[in-house]
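*Asks:* My questions concern the predicted model and sequence given below.
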Amino acid sequence: MSFLRNNCRLFAVKDPKDLVGFSCGDIDLDEFFANDSFAYANQLLGKTYCYKLKEQPDKVVCAFTLANAGIRVSDLPNARKKKIEADIPHAKTLKDYPAVLIARLGVSSDFKSQNIGSDALKYIKLWFLEPYNKTGCRFVIVDAYNAPTTLSFYQKNGFKPVFSTEQQEMDYRKITNIAELKTRLMFFDLLWMAREGV
Ligand SMILES: CC(C)(COP(=O)(O)OP(=O)(O)OC[C@H]1O[C@@H](n2cnc3c(N)ncnc32)[C@H](O)[C@@H]1OP(=O)(O)O)[C@@H](O)C(=O)NCCC(=O)NCCS
């Protein structure tokens with residue numbers, strides 16, 4: 001049973017008023033949704049959506065921002081490349097694979113741990129599969145907060161880390177001046193879902 005499907009409506013966020021009162025408990029994300037998401041949309045850099053309660057239309061349950069993206073494999077180390085290309089025939093011919101980036105995702109603090117974030121991920125994935133997808137999109141990617149709960153949330157939803165260790169990721173991103181990465185790049189191959197006939 002899907003809480004979002006049964007109790008919420010999806011909106012494209014068009015006006016600062018659309019997200020008034022929304023807080024997912026993360027200051028940076030709350031600030032982005034309240035102040036920056038509109039500028040991103042106006043600049044065509046990211047499109048924000050929210051689910052609101054049907055019975056209380058001012059109450060935002062979940063918000064997320066999506067942007068076109070890609071996975072560049074040509075400059076990935078071989079083992080990482082193989083991981084991404086595991087299910088791609090003739091992989092050698094392509095340097096980049098089309099992807100959609102979950103640039104931001106937050107669930108209202110009033111609705112945490114009720115499967116709403118997972119549900120939102122499922123709907124996002126479906127948008128990029130037949131019959132809804134308008135282009136070609138193979139992967140969903142996210143720069144997930146490097147915190148055990150966030151990483152396990154994405155893992156629970158089928159995402160895999162591109163890099164096995166933080167050190168590999170720091171080397172790849174040429175980061176030398178911090179002790180710990182703030183985010184970890186994770187991917188979901190939409191073909192896994194397409195094959196299940198979802
Ligand atoms: C991460 C987030 C989107 C998950 O949404 P959710 O609706 O609570 O997630 P679900 O109910 O589908 O799954 C819950 C799982 O998420 C993980 N989780 C991550 N952050 C959590 C939090 N603050 N509270 C509860 N669970 C959290 C846990 O592993 C939990 O698993 P469990 O229920 O088996 O313990 C939501 O907690 C949130 O908005 N957090 C703050 C913003 C954030 O970190 N966004 C991700 C940026 S990359």
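*Replies:* Now that the structure is in, tell me what you want to look at.

*Asks:* Contacts for whichever helix in the chain runs longest next, please.
*Replies:* Counting by DSSP state H, the longest helix found in the chain is helix 116-127. Helix 116-127 is contacted by residues 2-5, 10, 51, 61-62, 64, 66, 100, 102, 105, 107, 132-133, 140, 153-154, 156-157, 188, 190, 193, 198 when judged by Cβ atoms under 8 Å, 6 or more residues apart in numbering. All C-beta spots, glycine's among them, are computed from the backbone N, C-alpha and C.

*Asks:* This structure: strands as residue ranges?
*Replies:* Along the chain, the stretches classed as strands by DSSP state E are 8-12, 47-53, 60-72, 96-107, 139-145, 160-161, 183-189.

*Asks:* ok, the second one near the ligand or not?
*Replies:* Just to be clear, that refers to strand 47-53. No: with Cβ under 6 Å from any ligand atom as the criterion, the ligand is not reached by strand 47-53; the gap is at least 11.0 Å.

*Asks:* That strand pairs with which strands, and in what direction?
*Replies:* When pairing is defined by DSSP bridges, strand 47-53 lines up against strand 8-12 (antiparallel), strand 60-72 (antiparallel).

*Asks:* Put together JSON lines for those, with distance to the ligand on each row.
*Replies:* What follows is the strands paired with strand 47-53, written out as JSON lines (distance: least, Cβ to the nearest ligand atom, whole Å):
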{"stretch": "strand 8-12", "distance to the ligand": "12"}
{"stretch": "strand 60-72", "distance to the ligand": "7"}
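
*Asks:* what's the most buried one of the ones you listed?
*Replies:* strand 60-72 (a mean of 21; mean count of other Cβ atoms under 10 Å).

*Asks:* hmm, back to that, how far does the longest helix of the chain sit from its chain's centre?
*Replies:* The chain centroid and the centroid of helix 116-127 are separated by 9 Å under Cα atoms, centre = their mean, to the nearest Å.

*Asks:* Kindly provide the whole-number mean pLDDT of that helix.
*Replies:* Average pLDDT, helix 116-127: 97.

*Asks:* quick one, it and strand 139-145 angle?
*Replies:* If you take axes from the mean of the first three to the mean of the last three Cα atoms, to 10 degrees, helix 116-127 sits at 150 degrees to strand 139-145.

*Asks:* buried residues in helix 116-127?
*Replies:* Residues 116-125 are the ones in helix 116-127 that count as buried (16 or more other Cβ atoms under 10 Å).

*Asks:* what does this structure put close to the ligand?
*Replies:* Counting by Cβ under 6 Å from any ligand atom, the chain sits next to the ligand at 24-26, 29, 105-107, 112-118, 142, 144-145, 149-150, 152-153.
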